[in-house]
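Got a sequence here, can you build the structure:
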Amino acid sequence: MSATKPAGTPLRRVLSPGRQGRPRLWTELALIVVGYSLYTVTRNAVPGQKATATRRAGSVLRFEHRLHIDIELTVNHAVDKITPLIVGMNYYYATLHFLITIGVLVWLYVRHPQAYRTERIVLFTVTVSSLVGFYFFALAPPRFLPGAGFINTVVTHHTWGSWGNSGIDSVSNQYAAMPSDHIAWSGWCGIMLYRYAGHRWIRIAGLLYPLFTFVVIMATGNHFVLDAVGGALNLGLAFAIRYAATRLWRRRAVAGAWLPLPRAQHDGRGHEGTLGEQRGVSDPETAVEQRDG
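Now for the predicted structure:
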């Protein structure tokens with residue numbers, strides 16, 4: 001009896017969406033290391049771009065004013081009047097961006113490993129494309145614009161562990177406003193919760209999460225409206241890339257599964273057999289591989 005043929009090469013088992021269980025942990029740790037290394041490159045490039053980033057911020061605000069979508073200053077001043085609310089939003093901005101995203105990733109990894117395999121690629125694509133934007137289009141947040149009237153809420157209310165703290169500033173890129181990762185990541189989390197959560201209230205909370213995040217980034221003066229638009233477009237592009245890649249992979253997989261079996265041929269001595277038998281190969285799939293190779 002011939003041995004069972006393996007399902008595919010190691011590379012195919014890694015790349016094929018939804019065919020295996022959860023990816024190996026070392027693969028995920030490698031993605032994190034790559035992402036952080038790229039982030040470090042963009043952060044180290046900031047000192048030479050501060051003046052340019054500030055000028056761009058002024059241009060963005062003027063452009064929004066012409067479009068009548070410059071709501072940042074109004075929201076910033078309105079929410080700042082309610083101290084407990086704005087302090088809570090400061091901590092929301094500083095922490096939930098990471099905590100909820102990591103929580104959703106772990107939840108998918110444990111409870112929905114097949115979905116995790118493809119959905120985490122969307123998040124990774126979003127993050128890498130954002131870093132490219134930060135590097136080539138450094139943009140200051142509204143609160144850094146001199147004379148624009150924005151309240152730097154984290155400094156005014158002495159928010160611990162957020163922007164304005166020297167320890168945080170030294171390891172964070174404060175000129176990474178376009179596109180908004182807060183919107184892209186919260187949008188990804190919302191879609192994941194809506195698609196895979198079993199409880200209706202969790203799915204509703206998932207849909208509300210990016211909307212509330214939008215209010216937070218306006219109120220704290222950390223992003224422009226166009227930054228949020230850029231984050232949403234970035235997320236949509238990442239999903240489109242994932243969708244196209246998945247369709248292409250499945251089309252190739254189906255084409256490979258439906259290769260025609262070799263036709264019976266005469267060997268010239270009255271024996272009729274398959275191409276594989278004539279070549280001394282009993283497995284038709286192996287015969288096809290030999291024929292194609």
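
In this structure V154 contacts N90, no?
Yes: under the criterion of CB atoms under 8 Å, V154 makes contact with N90 at 5.0 Å. (C-beta placed from N, C-alpha, C; glycine too.)

Point out the other helices and strands that the longest helix seen in the chain packs with.
As assigned by DSSP state H, the longest helix anywhere in the chain is helix 225-257. On a contact count with 3 or more CB pairs under 8 Å, 6 or more residues apart in numbering; DSSP states H and E, helix 225-257 meets helix 50-67, helix 113-136, helix 181-196, helix 200-219.

just the ones you listed: most buried one?
Among these, helix 181-196 has the highest mean neighbour count (mean count of other CB atoms under 10 Å), at a mean of 22.

who touches it?
With CB atoms under 8 Å, 6 or more residues apart in numbering as the test, helix 181-196 has contacts from 93, 97, 100-101, 104, 108, 111-112, 115, 119, 122-123, 126-127, 130, 202-203, 205-210, 213-214, 216-217, 222-223, 227-228, 231-232, 234-235, 238.

Output stretch 211-223 as CSV, nothing but the C-alphas.
The C-alpha coordinates for stretch 211-223 follow below in CSV (Å, rounded to 0.1, in the frame of the first residue of the first chain):
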residue,chain,number,x,y,z
LEU,A,211,-17.2,55.9,15.7
PHE,A,212,-16.3,56.8,19.3
THR,A,213,-12.6,56.6,18.4
PHE,A,214,-13.2,59.3,15.8
VAL,A,215,-14.8,61.6,18.4
VAL,A,216,-11.8,61.0,20.7
ILE,A,217,-9.1,61.8,18.1
MET,A,218,-11.0,65.1,17.3
ALA,A,219,-11.5,66.0,21.0
THR,A,220,-7.9,65.4,22.0
GLY,A,221,-6.5,67.4,19.0
ASN,A,222,-4.5,64.5,17.8
HIS,A,223,-5.9,64.1,14.3
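
What average pLDDT does it get?
Here stretch 211-223 scores 95 as its mean pLDDT.

Next: stretch 136-148.
Rounded mean pLDDT across stretch 136-148 is 89.

Now do the end-to-end distance for it.
24 Å (CA to CA, to the nearest Å).
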